[in-house]
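Asks: Pasting the sequence and the predicted model now:
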Amino acid sequence: MAFLDLRDIGVEFESNGKKLQALSNISFSVDTNQFVSIIGPSGSGKSTIIKILLELLRPSTGTVTIGGKPLGEANPKISVVFQNAALFPWLDVLKNVEIALEPLTKDEKYIKETSEKFIKIVGIDGFEEAYPRELSGGMKQRVSIARALATGPDLLLLDEPFAALDVFTAQALREELLDLWESPTFPPNTILMVTHNVDEAVQMSDKIVVMSHRPSRVLGEVKIELPRPRNTRSEEFYAVVDGVVKLMSSD
Ligand code: ADP
């Protein structure tokens, strides 16, 4: 069943008195428990879609529904992980996670225990009292993932979360995130990721939505039914990657 549905989304910006159509007629959906990626060239409006879902930007046309209700009424719990971990530099690791839970409850014991639990899950226990400046890029991103998961979101948005990491760290984190996502007791199970990395999208997603250059539209969708964990060196994997690349270059 579609959990998140975008229908005919259009976004027009005004810049220097000129109108600029960033998105035109974007429609796609994400089912409950599905991992969907949006892929497209730089400037194709991927971050704009994230902003719409975070209600930071109102589309000029179209509708977004979550669980069948318009976004504004649905009041979903949405978490996001950005390319740069976006941690508060003056707060230690524990506090950086706790801060996401503070608006949700006054129960300090729950806040502390839940934060500690997620810090452990992402493998940075022992660093609760460290400050962001003392952490590597990969560790910072782990804090950011812990913070995003601790609130038990209905939907997790990932905006190029591995793009700023070295290849080894990125690959390790992808695999760990997939392990978490596949664990049946684990929130969130519905994920929308923005990326420009085709291999990453094919490795992680159930479905890829391929966007065109501006004014951006959906060129097509690719469903990926390769068994998990995926062998990123198999012929079958390369065949799917090829399919996505062909669709991207059909623009
Ligand atoms: P992507 O994330 O795919 O790189 P963006 O969503 O950041 O793309 O941007 C899509 C297009 O909209 C780009 O051409 C960008 O320059 C333009 N754009 C984004 N935000 C604004 C804004 N606030 N004002 C004017 N143009 C914008």
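Replies: Now that the structure is in, tell me what you want to look at.

Asks: The stretch 151-251 of the chain against the ligand: which residues are in contact?
Replies: Counting by CB under 6 Å from any ligand atom, the residues of the stretch 151-251 of the chain close to the ligand are residue 214. Any C-beta I mention is one placed from the backbone N, CA and C, and that applies to glycine too.

Asks: And the strands in the stretch 151-251 of the chain, which stretches?
Replies: 155-159, 191-195, 207-211, 218-223 (DSSP state E, counting those that start in this stretch).

Asks: what's the closest of those to residue 11?
Replies: With CB to CB as the measure, strand 207-211 is the member of those nearest residue 11 (12.4 Å).

Asks: how long is stretch 50-58 end to end?
Replies: End-to-end span of stretch 50-58 (CA to CA, to the nearest Å): 11 Å.

Asks: Return the set of buried residues in that stretch.
Replies: Neighbour counts over stretch 50-58 (16 or more other CB atoms under 10 Å) mark 50, 51, 52, 53, 57 as buried.

Asks: What ranges in the stretch 151-251 of the chain fall below the confidence cut-off?
Replies: 188 (pLDDT under 70).

Asks: near the ligand, anything from stretch 79-92?
Replies: No - judged by CB under 6 Å from any ligand atom, stretch 79-92 stays clear of the ligand, getting no closer than 10.2 Å.

Asks: So for that stretch, mean pLDDT?
Replies: Throughout stretch 79-92, pLDDT has a mean value of 94.

Asks: quick one: that stretch to chain centroid distance?
Replies: Distance of stretch 79-92 from its chain centroid, counting by CA atoms, centre = their mean, to the nearest Å, is 14 Å.

Asks: do the same with stretch 197-212
Replies: Distance, stretch centre to chain centre, for stretch 197-212: 12 Å (CA atoms, centre = their mean).

Asks: ok, the nearest residue to residue 78 once chain neighbours are set aside - how many residues close by?
Replies: Nearest non-adjacent residue to residue 78, counting by CB to CB, 6 or more residues apart in numbering: residue 155, 4.8 Å away. By other CB atoms under 10 Å, 22 other residues sit near residue 155.

Asks: So residue 155 sits against residue 66, correct?
Replies: Yes - with contact defined as CB atoms under 8 Å, residue 155 reaches residue 66; the gap is 7.2 Å.

Asks: okay, and the common contacts of these two?
Replies: Counting by CB atoms under 8 Å, 6 or more residues apart in numbering, the residues touching both residue 155 and residue 66 are 3, 4, 76.

Asks: if we can go back for a sec, so which of the buried residues of stretch 50-58 is the closest to residue 167?
Replies: Using CB to CB, these come closest to residue 167 at residue 50, 24.0 Å.

Asks: can you confirm that closest one is in a helix?
Replies: Yes - applying DSSP: H, G, I helix; E, B strand; the rest coil, one finds residue 50 inside a helix.

Asks: Look up how far residue 82 lies from it.
Replies: 9 Å (CB to CB, to the nearest Å).

Asks: Could you pull out the residues contacting both of the two?
Replies: residue 159.

Asks: what residues are up against the residue nearest to residue 186 when sequence neighbours are not counted?
Replies: In space, and not counting its chain neighbours, residue 186 is closest to residue 180: 5.5 Å by CB to CB, 6+ apart. Going by CB under 8 Å, 6+ apart, residue 180 touches 121, 149, 186.

Asks: Now that we have these, can you turn them into CSV and tack on distance to residue 86?
Replies: Listed next are those as CSV, based on distance: CB to CB, whole Å:
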residue, distance to residue 86
121, 20
149, 15
186, 23
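
Asks: Give me the buried entries from the residues you listed.
Replies: Applying 16+ other CB under 10 Å to those flags 121, 149 as buried.
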